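1. Give me the fold of what follows.
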Amino acid sequence: MIATLSGIRGILNSDLSLAEVSNFATNFGKANGSREFLLARDSRTTGPVMSKAVAAGLSSLGSTVQDYGIISTPALFRESRLRQRPAVMVTASHNEPEFNGLKFLVDGAGIGKETFDAVVGAPGQVGEFRAGLIREGRNPSYVGDLLERFGAGSCEGVRVALDLGGGAAIAHAVPLLTRLGCEVASVNDSYGVFNRRVDPVADDLALLRKIVKEKESDVGLGFDCDGDRLVIVDSSGRKRTGDYMLTLALSEMLAETREKRVVVSLDTTQAIDDLAKKTGGEVLRSKVGEANVVTLMKEKGARLGGEGSSGGLIDGAFNYCRDSMIAALAIIRALKQRGRSFYDSVPVYQQERVAMEIPRTRVQKGIKKLGSKYDEADLMDGFKLILPEHSWVLVRPSGTENLVRVSAEARTSAAAARIANSFAKKIRELSG
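-> Numbering: from 1, shown residues only. Alright, predicted model coming up:
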């Protein structure tokens with residue numbers, strides 16, 4: 001089992017038991033003291049039984065549980081925000097189907113460290129049982145709010161292909177895009193039927209690319225299991241990176257909102273900096289991880305943020321989480337207004353990544369030695385160095401595994417690969 005601020009993940013009846021699931025939910029309930037909680041899940045086969053365990057833990061405190069069944073993580077974040085209720089999402093996000101887990105929300109945002117420690121830090125205490133209620137949640141606001149924001153019929157005639165990945169985006173993507181006026185073709189649109197890797201960033205999306213070409217679609221959209229990650233396929237059938245998708249979406253969002261400040265993670269493309277320079281804006285960088293991006297957004301009063309590696313756009317005016325549909329609709333609207341030339345309107349850099357298995361204690365020592373060799377390095381989250389000719393390198397240990405990841409970005413793939421391999425060799429040597 002892995003437990004971080006982003007959530008708890010494991011394999012049910014292997015390293016995660018139903019008793020633990022119920023216990024975590026009970027601890028979350030006690031930490032919040034609410035009389036009402038919201039609950040939802042993605043489409044994994046273990047979702048129903050885990051949802052029942054969560055509901056049992058929360059209702060044992062005398063609370064009412066509104067269970068929405070299968071809806072996306074962004075939809076639950078939105079509902080939690082509007083109703084000012086704590087919530088639990090049963091999901092393992094982009095992990096493969098055998099995994100499942102829990103995400104905890106308070107008033108439309110992820111929990112902080114104090115609440116997280118209360119959830120996972122101690123076994124549930126047996127106390128007086130007070131039977132609460134478990135009710136069916138009805139009519140979440142997500143689709144209606146997106147329709148109001150973007151306007152019914154506003155994307156009339158844009159041809160969109162969807163790979164819904166068997167996941168929670170099935171609940172809203174087709175009806176929402178249809179009401180916006182799009183011509184929609186979808187694949188992998190049966191709940192819990194996983195015909196590709198859950199993470200669209202890791203999959204080649206071969207079927208989606210084929211459909212885009214066959215249908216002459218303007219864009220293809222690939223979702224993960226809980227509907228917060230997004231990868232796009234352009235009109236030529238080419239799968240694009242998460243960093244490119246974020247750059248494209250942010251270019252539209254910055255123009256729409258006229259925001260001057262944007263927060264992205266340390267490993268996100270420098271193309272975002274290029275966008276900001278054009279409008280006299282500022283880019284702030286956080287540690288890697290959605291929770292870190294959101295925290296800095298709130299601290300600095302920034303509306304927009306994101307993570308390139310996961311294809312995640314965050315619009316704090318709507319949701320404090322990665323929201324695939326906000327990103328998708330921003331891109332679709334731009335395609336409606338500007339045509340397919342929109343794809344060539346943003347700067348593009350190339351990234352290469354190398355992962356190596358090295359014990360964490362040794363990696364930490366190696367990064368410290370590497371930092372001592374480069375006074376100008378940023379050591380906020382691992383080691384990041386800005387290099388000549390619009391390039392950079394990031395050396396960062398995994399938070400959960402004995403891995404170190406070396407990421408590099410440059411104008412060309414060849415240059416990025418040379419940088420990544422060079423620093424992979426350095427950290428291997430310095431880590432002993």
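2. Please count neighbours and contacts with C-alpha atoms only from this point.
-> Fine.
3. any idea which helix or strand carries L313?
-> L313 belongs to strand 312-315 when assigned by DSSP states H and E.
4. Quick check: can you name the pairing partners of that strand and their directions?
-> strand 304-307 (antiparallel) (DSSP bridges).
5. Which residues does the strand it pairs with contact?
-> Here strand 304-307 makes contact (CA atoms under 8 Å, 6 or more residues apart in numbering) with 243, 246, 250, 259, 261-265, 267-268, 288-290, 293-294, 297, 312-316, 322.
6. Just the ones in helices from those residues, please.
-> Among the contacts of strand 304-307, the residues falling in helices (DSSP state H) are 243, 246, 250, 290, 293-294, 297.
7. most surrounded residue in those residues?
-> For the ones in helices among the contacts of strand 304-307, the largest neighbour count, defined by other CA atoms under 10 Å, is 31 neighbours, found at L246.
8. in the chain, which ranges drop under the pLDDT threshold?
-> 123-129, 400 (pLDDT under 70).
9. Assess the claim that I367 and D381 are in contact.
-> No. Look at I367 against D381 with CA atoms under 8 Å: they stay out of range, at 10.2 Å.
10. Flag every buried residue along the lengthiest helix in the chain.
-> Longest helix of the chain, by residue count under DSSP H: helix 413-430. The neighbour-count check on helix 413-430 (16 or more other CA atoms under 10 Å) flags 415-417, 419-421, 423-424, 427-428, 430 as buried.
11. Mind putting those residues into CSV with distance to L5?
-> Below are the buried residues of helix 413-430 laid out as CSV (distance: CA to CA, whole Å):
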residue, distance to L5
A415, 35
A416, 31
A417, 32
I419, 31
A420, 29
N421, 31
F423, 29
A424, 28
I427, 28
R428, 29
L430, 30
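12. Of the residues you listed, which is the nearest to G144?
-> A416 (43.1 Å; CA to CA).
13. Can you report how many residues lie near S235?
-> 21.
14. Same question for E156.
-> 16.
15. Surely L254 is within a helix?
-> Yes. Assigned with DSSP: H, G, I helix; E, B strand; the rest coil, L254 falls within a helix.
16. what residues go with each domain of the chain?
-> Split into domains by automatic domain parsing, the chain comes to 2-136, 142-233, 242-326+335-344, 350-430.
17. how long is the third one end to end?
-> If I follow you right, that is domain 242-326+335-344. Chord length of domain 242-326+335-344, first to last residue, is 16 Å (CA to CA, to the nearest Å).
18. Surely A302 and R261 touch.
-> Yes. When contacts are counted by CA under 8 Å, A302 is listed as touching R261 (5.7 Å).
19. Could you pull out the helices in the stretch 301-432 of the chain for me?
-> 324-338, 360-373, 413-430 (DSSP state H, counting those that start in this stretch).
20. Surely L16 touches G10?
-> Yes. L16 lies in contact with G10 (CA under 8 Å); the separation is 5.5 Å.
21. Now for these two: what residues contact both?
-> M1.
22. could you say which helix or strand contains A3?
-> Per DSSP H and E: strand 2-4 holds A3.
23. could you point out which element follows that strand?
-> strand 7-10.
24. Can I get that following strand as PDB, trimmed to CA atoms?
-> Provided in PDB are the C-alpha atoms of strand 7-10 (Å, rounded to 0.1, in the frame of the first residue of the first chain):
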ATOM      1  CA  GLY A   7      -4.300   9.500  -1.700                       C
ATOM      2  CA  ILE A   8      -4.100   5.800  -0.600                       C
ATOM      3  CA  ARG A   9      -3.500   3.100  -3.200                       C
ATOM      4  CA  GLY A  10      -3.100  -0.600  -3.100                       C
END
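25. Describe which strands it pairs with in its sheet and in which direction.
-> By DSSP bridges, strand 7-10 pairs with strand 2-4 (antiparallel), strand 100-106 (antiparallel).
26. Tell me the one among the buried residues of helix 413-430 nearest to V231.
-> A416 (21.6 Å).
27. could you measure the nearest residue to D273 once chain neighbours are set aside against R303, distance?
-> With sequence-adjacent residues excluded and distances taken as CA to CA, 6 or more residues apart in numbering, D273 is closest to V283, at 6.0 Å. Between V283 and R303 the distance is 12 Å, computed by CA to CA.
28. which of those two has more neighbours?
-> Comparing V283 with R303 by other CA under 10 Å, the one with more neighbours is R303, at 22 against 18.
29. Was I right to think the more buried one contacts A317?
-> Yes. Contact criterion CA under 8 Å: R303 and A317 qualify, at 6.2 Å.
30. re earlier: can you list contacts of the strand holding A3?
-> Taking CA under 8 Å, 6+ apart as the rule, strand 2-4 contacts 8-10, 120, 400.
31. okay, these in a markdown table with distance to K113 and neighbour count next?
-> Output for those, formatted as a markdown table (distance: CA to CA, whole Å; neighbours: other CA atoms under 10 Å):
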| residue | distance to K113 | neighbour count |
| --- | --- | --- |
| I8 | 13 | 21 |
| R9 | 17 | 22 |
| G10 | 20 | 19 |
| V120 | 11 | 18 |
| T400 | 17 | 10 |
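32. which of those residues sit farthest apart?
-> So, the contacts of strand 2-4 by CA to CA: farthest apart are V120 and T400, at 15.9 Å.
33. For the nearest residue to R362 once chain neighbours are set aside, give me phi and psi.
-> If the residues on either side of it in the chain are set aside, R362 comes closest to S431, at 5.1 Å by CA to CA, 6+ apart. S431 adopts backbone torsions of phi -80, psi 0, taken as degrees, to the nearest 10.
34. Tell me how far S431 lies from Q364.
-> 8 Å.
35. who touches both of the two?
-> Between them, S431 and Q364 share no contacting residue, judged by CA under 8 Å, 6+ apart.
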